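J.: Quick one, what's the 3D model for this:
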Amino acid sequence: MTPPIEKGIRGWLDVTGGIVGVLLLVQFVTGVLLAFYYVPSVDHAYTTVAYVEKVVSSGAWIRALHHYGSQWLSLFVFLHVLRLFFTRAYIAHRIQWIVGILLLGFVMAAGGTGYSLPWDARAFFSTRIAEGLMAGLPFVGRMARLWLLGGSDISTITLSRFFALHVLVIPACLIAVVVWRVFRGEMFGPRHAIAGGLVFLLLAFWSLKYRAPLGPSVVDMTADYLPRPGAQFLWLYQSLKYLPGGLGSVAGVALPGLVLLILVLLPWLKQQRLIGGAILGVGLVLVVVMTTASYVSDHRNPQTSRQLAIQAAHEDVWRREPFKPATITLTATPGSESASGGPPEMYTKFCATCHGPNGEGARQGRLNFPPLLDVSTKPRRTVDDIVGLLKDPPAYGLQPPMRSFSNKLTEQQMREISEWIVKLKR
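T.: The predicted structure is shown next:
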């Protein structure tokens, strides 16, 4: 027997399933359209996104629909879960409940992986945060970081991995969950369609008025740039300010995973209403409080507020400028005489074992060492930076097995290696 449904709750939340369905459709359609132009490479990702914004017909609107749609989808999926909880679906409609929780997890994962794809300054910093969260996990942190990055440092492989997760793996999981629910007989009525249509119209007008943000490219960003994540992740961004190191990884990755697992298993637990209510209530308070704190903190700090205003002004100027295609330089094979004069002797002696004879990367046992091709396109990888990195790797965010060569190489030898490395191209 289906438990009684509170009329007030049902009146406000009963149409959330239809809204979620419409927003999912928006994400799939706009994602496919954007994928026609996107290149998951640290050299060309930003350029292809800029091309969509400035050249493709309605490209800026489509990208804004995709960007803001992901934020709205996170909100309405959470409201949908609340509706299922208040109607006690975990008792009478277990499949609906499990599907709702899985949707929430996959939607947040889609937002997290998609945020790195534009490869602007915001994307780079979000990828760094994701790297740090994975690296700080107990026991599995090191391997989790290597898997996420596809090596020991952020590269094109990292971006390709995020792209594959965002457009292949997670959508496949979402489609499987939705199909599972449809085959279980869940149908949407006219009221759901009307509500979904109204939300789509609001989203469409919002996306016309507000463009999706796009900061400076990774190559052009400055040290004073202040990155801010999407609205659905501000709570996590603010929470990490109060949590040290590994505790942030537990709170940002392990704890949400555990919470989702408990909610999926809720139909088979005792004290279901107490456990589910406590988790959803604490989660709602945490998201609202931390998100509000982030906005208030930025507004009250004059220096931060000023810098964010400067960034917004620079972004407006950039949007009015004509599109500038990327310059592609044809080079010979890295390491050949015509390309770079061959690797320096000290590179062959100390670096080739890990990074390959021509900077193509190498494998030692279970470790994959990153290639050095196109390393100059990354932040803090000028000749002077690489010299400094060879002296003090931790200062540049690199951990063992990368070690200092300050007692093995002279200043001139390190500079020769650095000048050769920055010329390496794919």
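J.: List phi and psi for S57.
T.: Dihedral pair for S57: phi -60, psi 120, per degrees, to the nearest 10.
J.: and it, how many neighbours?
T.: 7 (other CB atoms under 10 Å). Using the backbone N, CA and C atoms, a C-beta is placed for each residue, glycine as well.
J.: what does A313 give?
T.: 10.
J.: And G359, by the same measure?
T.: Applying other CB under 10 Å, I find that G359 has 25 neighbouring residues.
J.: Could you do D224 as well?
T.: D224: 9 neighbours (other CB under 10 Å).
J.: Could you list the low-pLDDT ranges of the stretch 301-426 of the chain?
T.: 326-341, 363-368 (pLDDT under 70).
J.: What segments of it are helices?
T.: Under the criterion DSSP state H, counting those that start in this stretch, the stretch 301-426 of the chain contains helices at 302-320, 345-350, 352-355, 383-391, 411-421.
J.: can you check the stretch 101-250 of the chain too?
T.: 121-135, 141-149, 156-164, 170-183, 190-209, 234-240, 245-249.
J.: Mind putting these into a markdown table with distance to V289, mean pLDDT and mean neighbour count?
T.: What follows is those, written out as a markdown table (distance: least, CB to CB, whole Å; pLDDT from 0 to 100; neighbours: other CB atoms under 10 Å):
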| stretch | distance to V289 | mean pLDDT | mean neighbour count |
| --- | --- | --- | --- |
| helix 121-135 | 20 | 89 | 21 |
| helix 141-149 | 28 | 89 | 17 |
| helix 156-164 | 29 | 92 | 20 |
| helix 170-183 | 28 | 86 | 15 |
| helix 190-209 | 25 | 92 | 15 |
| helix 234-240 | 8 | 91 | 20 |
| helix 245-249 | 17 | 78 | 16 |
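J.: mind giving me JSON lines with these and columns for distance to L284?
T.: What follows is these, written out as JSON lines (distance: least, CB to CB, whole Å):
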{"stretch": "helix 121-135", "distance to L284": "22"}
{"stretch": "helix 141-149", "distance to L284": "28"}
{"stretch": "helix 156-164", "distance to L284": "29"}
{"stretch": "helix 170-183", "distance to L284": "23"}
{"stretch": "helix 190-209", "distance to L284": "20"}
{"stretch": "helix 234-240", "distance to L284": "10"}
{"stretch": "helix 245-249", "distance to L284": "21"}
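J.: Now stretch 155-169 - C-alpha only, CSV.
T.: Output of stretch 155-169 as CSV, limited to C-alpha atoms (Å, rounded to 0.1, in the frame of the first residue of the first chain):
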residue,chain,number,x,y,z
SER,A,155,48.7,16.8,-19.8
THR,A,156,46.6,16.2,-22.9
ILE,A,157,46.0,12.7,-21.6
THR,A,158,44.4,14.2,-18.5
LEU,A,159,42.0,16.3,-20.6
SER,A,160,41.2,13.4,-22.9
ARG,A,161,40.4,11.3,-19.9
PHE,A,162,38.1,13.9,-18.5
PHE,A,163,36.5,14.2,-21.9
ALA,A,164,35.9,10.4,-22.2
LEU,A,165,34.4,10.3,-18.8
HIS,A,166,32.1,13.3,-19.5
VAL,A,167,30.8,12.4,-23.0
LEU,A,168,31.0,8.6,-22.9
VAL,A,169,31.1,6.9,-19.5
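J.: and that stretch, how far out from the chain's middle?
T.: A distance of 10 Å separates the C-alpha centroid of stretch 155-169 from that of its chain, computed with CA atoms, centre = their mean, to the nearest Å.
J.: what comes into contact with that stretch?
T.: Residues from elsewhere that reach stretch 155-169 (CB atoms under 8 Å, 6 or more residues apart in numbering): 31, 35, 38, 40-43, 45, 109-110, 113-114, 116-117, 119, 127, 148-151, 370-371, 374, 378, 426.
J.: Go through the helices of the stretch 101-250 of the chain and name the closest to E416.
T.: Of all the helices of the stretch 101-250 of the chain, helix 156-164 sits nearest to E416, with 25.9 Å by CB to CB.
J.: Next, the angle helix 170-183 makes with the closest one.
T.: Angle, helix 156-164 to helix 170-183, by axes from the mean of the first three to the mean of the last three CA atoms, to 10 degrees: 10 degrees.
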